[in-house]
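> need a structure here:
(one chain, ligands or ions: 1)
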Amino acid sequence: MKFNGIDFDTYFNNYPDENGYFGKYGGVYIDDKLKAAMAEITEAYYSICQSRKFIAELRRIRKEFQGRPTPVTHLERLSDALGGKVQLYAKREDLNHSGANKLNHCMGEALLAKYMGKKKVIAETGAGQHGVALATAAAYFGLECDIYMGTVDIKKQAPNVARMKILGANVVEVTHGLQTLKEAVDAAFDAYSKEYKDAIYCIGSVVGPHPFPMMVRDFQSVVGIEAREQFIGMTGELPDAVVACVGGGSNAMGMFSGFLNDPVDLYGVEPLGRGEKLGDHAASLKYGEEGIMHGFNSIMLKDENGDPAPVYSVASGLDYPSSGPEHAFLHDLGRVKYDVVSDDETIDAFFELSRMEGIIPAIESAHAVAYGMKLAKTMGKGSVLINLSGRGDKDMDYVIERYGIR
Ligand SMILES: *Cc1c(COP(=O)(O)O)cnc(C)c1O
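I've put the predicted structure just below:
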């Protein structure tokens, strides 16, 4: 399929290019020592991850450990409640082991680490979800795991810190600056530049320098490949629309990659938070501009000095001031439409899906549900496939404390 001059039949051969660019977005904007480490990972990725042995092993792990394929569920009662003309379906990444899509790329990254002969995986975490997923993968493969986390986040995210420790990870407290994610990123990169011979850095989304946006997309593509086949098996046709929430953009890229070459409308949903004012949302593609951060060129929210702006969302997994370079590319191209939903719409959808379908979604995923519900009201007829990126257990205490039971 051709779209705005891009041939999607051969898209994955051409994007990213050999330097890690999706159009003008992507690349490797880090110091020379780490550039060498990235080049090593890129080479390993092409030689190891395309090998039959690696693919077979990852496939077995997905089935026997992660519990894949995750099902697609027809949301019949919710569809009926919205008028019954549009049918909603959910891809159930909440049923992936550890409760979210993140394990899909963490298992791939950790398996690559093992094949490369590395002893350790390193990452930072903010809310702790990426740390828990990586600690899970490290435990499975018997790798050491250092997770860098700011003091403030360690205090706020006690259950996830406990999970990481139980899984055998080493949670390294970052005590400088604001003691949150930004400092944790710096500390993790710092450690990696000293330890890159024995360790591999594992990024938590389709962000960071090349090859991570490509690698994480490819590891997540299992979501879109499964969902496409399952949806056709259930209905005999393709969905009219596919919806996913976008923080860094890994669950969305995994889902969309299965449908880029199909006549299907793709929607990425960003968090509008409390409103349109800078600092009240994290809708980088909608309100941001081109810029470089965390080693890559993309579209980002900047403050008055041109630095990454403070962002906010009720979903801690979505409050990132940029999105992956491939999203920026697909945004400019118009192949994916990016739109926003607010905190309030999200919380309504959180309760609606729980009550109508018996599925408590992660607040991140509830953004996609909210948008799917909006589409159902405006489309007139057809079908919408929503990527339910994770389950809501982690959000329960917060939702009850802040919003009460509805
Ligand atoms: C972390 C997380 C996200 C956001 O990450 P992406 O890379 O944008 O997918 C979305 N949903 C859940 C459940 C998460 O844990």
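> What parts of this protein come near the ligand?
The chain has residues 100, 102, 129, 205, 245-251, 317-318, 362, 364-365, 389-390 near the ligand, with proximity defined as CB under 6 Å from any ligand atom. To be clear about C-beta, it is placed using only N, CA and C from the backbone, and glycine gets the same treatment.
> which of the residues you listed are buried?
For those, a burial check counting by 16 or more other CB atoms under 10 Å picks out 100, 102, 129, 205, 245-251, 317-318, 362, 364-365, 389-390.
> Filter those down to the ones in helices?
When those are checked against helices (DSSP state H), the matches are 102, 129, 250-251, 364-365.
> could I get stretch 93-111 in CSV with only the CA atoms?
Provided in CSV are the C-alpha atoms of stretch 93-111 (Å, rounded to 0.1, in the frame of the first residue of the first chain):
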residue,chain,number,x,y,z
GLU,A,93,-1.8,-7.2,26.8
ASP,A,94,-3.0,-7.0,30.4
LEU,A,95,-2.8,-10.8,30.3
ASN,A,96,0.8,-10.8,29.2
HIS,A,97,3.0,-12.1,32.1
SER,A,98,3.7,-9.3,34.6
GLY,A,99,0.6,-7.5,33.5
ALA,A,100,1.6,-5.2,30.6
ASN,A,101,3.2,-5.0,27.2
LYS,A,102,6.6,-4.0,28.6
LEU,A,103,7.8,-7.5,29.1
ASN,A,104,7.7,-8.1,25.3
HIS,A,105,10.7,-5.9,24.7
CYS,A,106,12.4,-6.7,28.0
MET,A,107,12.5,-10.4,27.2
GLY,A,108,14.0,-9.6,23.7
GLU,A,109,16.6,-7.3,25.1
ALA,A,110,17.6,-9.6,27.9
LEU,A,111,17.8,-12.6,25.5
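> For the ligand, what's its nearest residue on this protein.
G390 (2.4 Å; CB to the nearest ligand atom).
> what comes into contact with the strand or helix carrying D332?
Per DSSP states H and E, D332 falls inside helix 325-333. Residues outside helix 325-333 that contact it (CB atoms under 8 Å, 6 or more residues apart in numbering): 3-4, 6, 15-16, 21-23, 25-27, 206-207, 213, 217, 246, 249, 252-253, 256, 266, 268, 285, 290, 296-299, 336, 338.
> wait, V206 sits on S322?
No. Counting by CB atoms under 8 Å, V206 stays clear of S322, with 10.9 Å between them.
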